[in-house]
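In: using only what follows, build the 3D model:
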Amino acid sequence: SSAASDVYKRQVEASADVQGLKPSREITFRTARPFLLAAGGVVLILGGLVAVWPHQSTRLLARAVAPFLNLPNVAADQLSVTPGDTVALPDQSVRIEVHVANEKAKKAFVHLVNSAGARRRREMTRLSDEPDGIRRFSFSCPPSRQDWRYRIHSGGALTRYYSVRIIPPPAVRRLDIRYEYPPYVNLPPKEEEDAEGKIEAVQGTRVSLSALVSKPVETGALLLKGRDAPLAQAGLSALAENRMKAAFQFELEPGLDGQWMLRLKDEYGFTNREVFRPIAALPDKPPGVRVVSPQKEIIRLRPTDRLPVAYAAVDDYGLAEVGLLLKEDDAERHSEPLSLESEGGRPPLSATGATELDFSKRRFEGVRKVQFQVYARDRLPETSGGPQEARSRTFTVLIQRNAPPYALQRWTELEEHARKDFERLLDQLKAAQKDSSRLRSELSESPRPAEKTEKQARDLAGELNEADASARDLAQRLRTVCATPPAV
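Out: Below you'll find the model as predicted:
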């Protein structure tokens, strides 16, 4: 077609023009010389500027080539800004200070840009000048929960934008506590998940505390209030979702009683909020022991009498031994262990029992005075200062041929106790009768009793209930006394 023929003809002409092109004839040195001289002159001028004012010239060139970059202007060297790029806590204000090396500068302004791009300009507060004439200005930015930027403008100087990153501090999200008790207390380990943080166990207990931390931290320590050295350092391990586990292990030392806190520090030096919680190493209390019967500390008995001795002993972590301490006349004191039954294979926390001193036996022949106590020992190891021992009151038995029979003494003693209890009960009933008469009089005067009268009525009802219980107990003991007359 004619169109195709025309295109072909143009291609042939273009090919011929290219073949006839000679660079040496088209661009000669003479024609390019003016341009080369101009370019060389520009390079020499720029080189001279860079040599004389390297920072300003470089900054000017950068702003000319890439005006969109975050760069200061040429005069920015007059400004020294503190803190520059920084980090802050969400509840922490940021104080900005600038030193201006320009005696003509009368004011300084801070340009603030929040995370949404909103801009504000605030005038800075002028401070006293430095001795060398340097101007000083400051501005305190209120706390923020979002990142923000700022730059300073004073006179003709303008800084670049500085960034302020808001960094949340570490926070403890959960506490788990495990107690491993000393072997002698014979208790299984105890675990408290999502605990409030109160640490309390018998001294010598091994405590493992695990804290779930909201973010990675670099160090962690468990501190005691009023003590500089940490009780334990953290073992740190990373978890999913940018969280971390801080594990602590320590032993509850004897006498430990105070408050503890965790100090967790992140890469910026920010620490968690101080929360103090109680911690105590409970002492292993000495056992308790008493003689239930007899009650009199000095007893006169015949050489043929038998003395029943009833006792009771307790300990917070288990009894190791209960026994009698005996001393005949001026002989050395000696012990006689009593039976002690375990509770399900574990040392008993309490023990009640009875034994008998038979003075007709050969061991007491010729003896005129016997002193005895009941003792109890706990399971506290020697390494911890144990075992601990408790002793009852000392009872003295005087062996006399002309002493009244012990059964008669016991019956007389019960009778005396019953008489005193009866007198006490009678006094309670008389007092209740008196209160009842007064209340009856007050109620007859007013159909609606006052609040004070109602309280008195409730108190009277309580007194009567107490008297009723005392009367029932007394009646039971009187039946016991009457059912066991003395055998003389």
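In: hey, where'd the strands end up in the stretch 201-350 of the chain?
Out: For the stretch 201-350 of the chain, the strands defined by DSSP state E, counting those that start in this stretch occupy 206-213, 219-224, 232-233, 235-238, 244-251, 257-265, 277-282, 288-293, 298-301, 306-314, 319-328, 334-338, 350-358.
In: let me fix that, I meant to ask about the stretch 1-150 of the chain.
Out: For the stretch 1-150 of the chain, applying DSSP E, counting those that start in this stretch gives strands covering 79-82, 86-88, 94-100, 109-114, 119-123, 125-127, 135-141, 148-154.
In: related to what we said a few turns ago, export the strands of the stretch 201-350 of the chain to a markdown table and append columns for mean neighbour count, distance to residue 424 and mean pLDDT.
Out: To be clear about C-beta, it is placed using only N, CA and C from the backbone, and glycine gets the same treatment. Formatted as a markdown table, the strands of the stretch 201-350 of the chain follow (neighbours: other C-beta atoms under 10 Å; distance: least, C-beta to C-beta, whole Å; pLDDT from 0 to 100):
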| stretch | mean neighbour count | distance to residue 424 | mean pLDDT |
| --- | --- | --- | --- |
| strand 206-213 | 20 | 51 | 97 |
| strand 219-224 | 19 | 52 | 96 |
| strand 232-233 | 16 | 58 | 95 |
| strand 235-238 | 12 | 64 | 94 |
| strand 244-251 | 18 | 52 | 96 |
| strand 257-265 | 19 | 42 | 96 |
| strand 277-282 | 17 | 39 | 96 |
| strand 288-293 | 16 | 21 | 94 |
| strand 298-301 | 16 | 25 | 92 |
| strand 306-314 | 18 | 24 | 94 |
| strand 319-328 | 19 | 33 | 95 |
| strand 334-338 | 12 | 35 | 93 |
| strand 350-358 | 14 | 27 | 93 |
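In: and stretch 136-145, which residues are buried?
Out: 136, 137, 139, 141, 144 (16 or more other C-beta atoms under 10 Å).
In: find the nearest non-adjacent residue to residue 291, please.
Out: Leaving aside its chain neighbours, residue 291 sits nearest to residue 392 (4.7 Å; criterion: C-beta to C-beta, 6 or more residues apart in numbering).
In: residue 298 too?
Out: residue 396 (5.0 Å).
In: and the strands of the stretch 1-150 of the chain, which is most packed in?
Out: Of all these, strand 148-154 has the most neighbours on average by mean count of other C-beta atoms under 10 Å, namely a mean of 21.
In: rewinding a little: which one of the strands of the stretch 1-150 of the chain lies nearest to residue 172?
Out: The closest of the strands of the stretch 1-150 of the chain to residue 172 is strand 86-88. By C-beta to C-beta, the value is 21.1 Å.
In: neighbouring strands - and their directions - for that closest one?
Out: When sheet partners are counted by DSSP bridges, strand 86-88 sits next to strand 162-166 (parallel).
In: give me the sheet partners of the following helix or strand past the partner strand and which way each runs.
Out: Later in the chain than strand 162-166, the nearest helix or strand by DSSP states H and E is strand 172-180. Paired neighbours of strand 172-180 in the sheet (DSSP bridges): strand 190-192 (antiparallel), strand 206-213 (antiparallel).
In: centre of the chain to the first one, how far?
Out: What it means is strand 190-192. Using C-alpha atoms, centre = their mean, to the nearest Å, the mean C-alpha position of strand 190-192 is found 16 Å from that of the whole chain.
In: now do stretch 123-137
Out: With C-alpha atoms, centre = their mean, you get 47 Å for stretch 123-137.
In: hmm, back to that, possible to save the buried residues of stretch 136-145 as CSV with distance to residue 179?
Out: As requested, these are exported to CSV (distance: C-beta to C-beta, whole Å):
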residue, distance to residue 179
136, 58
137, 58
139, 53
141, 48
144, 44
